[in-house]
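S.K.: turn this into a model:
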Amino acid sequence: MDELPISIAHHPSSSATGVGEWGQDTPQEFRNWNDTAPNISIGMEGAPGHQASAINPDGSLDPNGSRGSYGNVNAPTMGRFDQMTAKVGGLWDSMLGEGRHWWITSTSDSHVNWRDGGSDFWPGEYSKTYVKSEKNYKDIMENLRNGHVFVITGPNFRT
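M.R.: This is a model prediction of the structure:
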C-alpha cells in the first residue's frame, strides 16, 4: 500500500496585513484542510524559512530587513515565529485546544544562502525540526502525523 502524503502549509501569515489580521491564508482555511484530510493536512510552518533576510552579505544586520520574508512591518514574525504560532490564544494554540493534530515545523526554505547575497540559511544551519523516530521514511512520516516533533531556531544542538 502506498503511504499517504503530508501537507504542511508554508509562510502562513506572510501576506497578513497586520497582527491578528490575515492575508491569503486564514485560520478557517487551515481548519477546513484539517477537517477534510486530518492525516494529510497536519500543520504549518511555525518558524518560516528565509530567516537570514535581515543579514547583509558582509554579516552586518540590515535594520530594515525582515525575517522569514514577512516584509510587512505591521505583520512581522514574532521572535522569528509566524504570528499564527507565536500568539498565545492564536491559531496554533486554538487548534491544539480543539483537540486537532496540528503541528508546526521550522524550515530554512533555502534558495540562495545569505553569504551569496540571498535571504536563506543552509538547511539545518539556523532552524531545525526534530522528529522522534527511527531513521526511515515510514516512521518519520508517522511521527510527524502524531506530533512527536519540536522545533528550534538560533544556535542549534549538534547531532
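
S.K.: the spatially most central residue of the chain is in what secondary structure piece?
M.R.: With distances taken as C-alpha atoms, centre = their mean, the chain has E45 as the residue nearest its mean C-alpha position (2.0 Å). With secondary structure defined by DSSP states H and E, E45 is part of strand 41-47.

S.K.: convert that strand to PDB, retaining C-alpha atoms only.
M.R.: In PDB, the C-alpha atoms belonging to strand 41-47 read as follows (Å, rounded to 0.1, in the frame of the first residue of the first chain):
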ATOM      1  CA  SER A  41      -3.100  18.300   6.300                       C
ATOM      2  CA  ILE A  42      -1.200  18.100   9.700                       C
ATOM      3  CA  GLY A  43       0.200  21.500  10.300                       C
ATOM      4  CA  MET A  44       2.000  24.700   9.300                       C
ATOM      5  CA  GLU A  45       5.500  26.100   9.100                       C
ATOM      6  CA  GLY A  46       5.600  27.700  12.600                       C
ATOM      7  CA  ALA A  47       9.100  29.200  12.100                       C
END
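
S.K.: and the pLDDT for the closest residue to the residue nearest to the centre of the chain other than its chain neighbours?
M.R.: Closest residue to E45 in three dimensions, ignoring its sequence neighbours and counting by C-beta to C-beta, 6 or more residues apart in numbering: H10, at 4.6 Å. Where C-beta positions appear, they are placed from N, C-alpha and C, glycine not excepted. Per-residue confidence (pLDDT) for H10: 90.
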